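S.K.: okay, here's the prediction I keep looking at, along with the sequence it came from:
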Amino acid sequence: MTLPFNDEVNLGQSAERTVVDLAGRGLAPLLALGRYRYLHAHVPRPPDRHRTLLVVALPVRGTFSFDIDGTVHPARPGQAIRVPPGAVYSTGLAAEPRGSLVWLIARVTAQPSPNALHRALHLLAAPTGQLTADGTDQARDSLERALALADRAHDWINDALLQHTLASAVLELTRGFTSAGSSPAAWPHHRITRVLAWIEEHLTDPITPAELAAMAELSTSQFYEAFRAASGTSPKDYLLRRKTEYAREWLQRDPAVSITVVAHTLGFSSSQRFATVFRRYHGISPTASRSTPPGHSDSP
């Protein structure tokens, strides 16, 4: 069954979700600007599909994944991910992780005008081409500045600054996605790349951030700074996230293994502690994860 088109923009607010109605401010074709700040894991967003809407998302902290037309595309801080009109998309993981992400929704008309903003949006909405781009820190910073500007009192100067800042973000994004030099991600620090690869092979081993810093041949402060630049989060948060993701895969793959065995194998002091951490990252208990399909959440 083909998923029907849905071009309604969800402008709902919550403690973890900030949305600015750009169309209501006269800034169409830019329709909405938002930020997620998830303190806990959330059930994933359901599949969605837009006829005329372009969605661009940029992680601020943590790694987020989108399933776009059946392919999972992860994005971390410093990267952007775009969802062209017509594509079916949802979050690509079992739960939306803790972290922070800014996003922009724009309407793409049938024919681009000579206006630079419209031309840029048409390039971003192209059905072909890469869906993730590196080196988008400036665009992310511009969108965060736009959120701050939108929170100020309405006057012609702030409105003009908001319009200029959003246009700059769109143009920076377009450069990132269309640049010939844009290529699959390279982590900011080659020593952190080595550490991340080692973690993947030793998730069941006792691991401390101090040991990882020594492995990277960096001081503790240098290591934390480089690690956060590479992964968007702290070493402790990254380790716990990967351990619980590994645990979830193990529990679903092996119905006979007990939660206590999984918890102790991954270095948790007790199954209760493991269950608490698991729920924080996945939004459900380890037991429920064995049989519970991905849930649903609101659209951006």
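M.R.: On my side now, so go ahead.
S.K.: please count neighbours and contacts with C-alpha atoms only from this point.
M.R.: Will do.
S.K.: just the helices in the chain please.
M.R.: 116-124, 137-150, 156-178, 190-201, 209-216, 220-231, 235-253, 259-265, 271-282, 286-289 (DSSP state H).
S.K.: quick one: low-confidence ranges for the stretch 1-150 of the chain?
M.R.: 1, 40-43, 92-97, 110-114 (pLDDT under 70).
S.K.: that one: strands as residue ranges?
M.R.: Assigned by DSSP state E, counting those that start in this stretch, the strands in the stretch 1-150 of the chain fall at 17-21, 30-38, 48-49, 53-61, 64-68, 71-75, 80-83, 88-91, 99-107, 132-133.
S.K.: quick one: contacts of the third one?
M.R.: Going back to what we said before, that points to strand 48-49. 3-7, 85-90, 299 (Cα atoms under 8 Å, 6 or more residues apart in numbering).
S.K.: want to throw these into TSV with neighbour count and distance to Gly78?
M.R.: Output for the contacts of strand 48-49, formatted as TSV (neighbours: other Cα atoms under 10 Å; distance: Cα to Cα, whole Å):
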residue	neighbour count	distance to Gly78
Leu3	12	31
Pro4	12	32
Phe5	16	30
Asn6	13	29
Asp7	15	28
Pro85	21	23
Gly86	20	26
Ala87	21	23
Val88	19	24
Tyr89	21	21
Ser90	22	21
Ser299	15	23
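S.K.: looking at the helices of the chain, spot the one closest to Gln79.
M.R.: With distances scored as Cα to Cα, the stretch of those nearest to Gln79 is helix 137-150 (7.3 Å).
S.K.: returning to what we had before: format the strands of the stretch 1-150 of the chain as TSV; extra columns: distance to Gly176.
M.R.: Converted to TSV, these look like this (distance: least, Cα to Cα, whole Å):
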stretch	distance to Gly176
strand 17-21	24
strand 30-38	19
strand 48-49	24
strand 53-61	12
strand 64-68	19
strand 71-75	14
strand 80-83	9
strand 88-91	21
strand 99-107	15
strand 132-133	6
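S.K.: distance check, Leu123 against Gly267.
M.R.: 48 Å (Cα to Cα, to the nearest Å).
S.K.: so these two - more neighbours on which side?
M.R.: Leu123 (19 against 16; other Cα atoms under 10 Å).
S.K.: on that earlier part again, out of the strands of the stretch 1-150 of the chain, deepest packed?
M.R.: strand 80-83 (a mean of 26; mean count of other Cα atoms under 10 Å).
S.K.: surely Met77 meets Gly232?
M.R.: Residue 77: Pro, not Met. Yes - when contacts are counted by Cα atoms under 8 Å, Pro77 is listed as touching Gly232 (5.5 Å).
S.K.: overlap of the contact sets of the two?
M.R.: 60-63.
S.K.: now render the residues you listed as CSV, adding distance to Leu33.
M.R.: CSV is the format used below for the shared contacts of Pro77 and Gly232 (distance: Cα to Cα, whole Å):
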residue, distance to Leu33
Val60, 14
Arg61, 17
Gly62, 19
Thr63, 20
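S.K.: of the residues you listed, closest to Val102?
M.R.: Nearest to Val102 among the shared contacts of Pro77 and Gly232, with distances taken as Cα to Cα, is Val60, at 7.0 Å.
S.K.: who's in contact with that closest one?
M.R.: Val60 sits next to 76-78, 99-102, 140, 232 when contact means Cα under 8 Å, 6+ apart.
S.K.: can you put those in a markdown table and add distance to His202?
M.R.: Formatted as a markdown table, the contacts of Val60 follow (distance: Cα to Cα, whole Å):
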| residue | distance to His202 |
| --- | --- |
| Arg76 | 22 |
| Pro77 | 24 |
| Gly78 | 27 |
| Gly99 | 24 |
| Ser100 | 27 |
| Leu101 | 29 |
| Val102 | 33 |
| Arg140 | 33 |
| Gly232 | 21 |
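S.K.: between those, which is nearest Arg37?
M.R.: Ser100 (4.4 Å).
S.K.: surely the closest one meets Phe64?
M.R.: No - between Ser100 and Phe64 there is no contact, the gap being 9.1 Å when judged by Cα under 8 Å.
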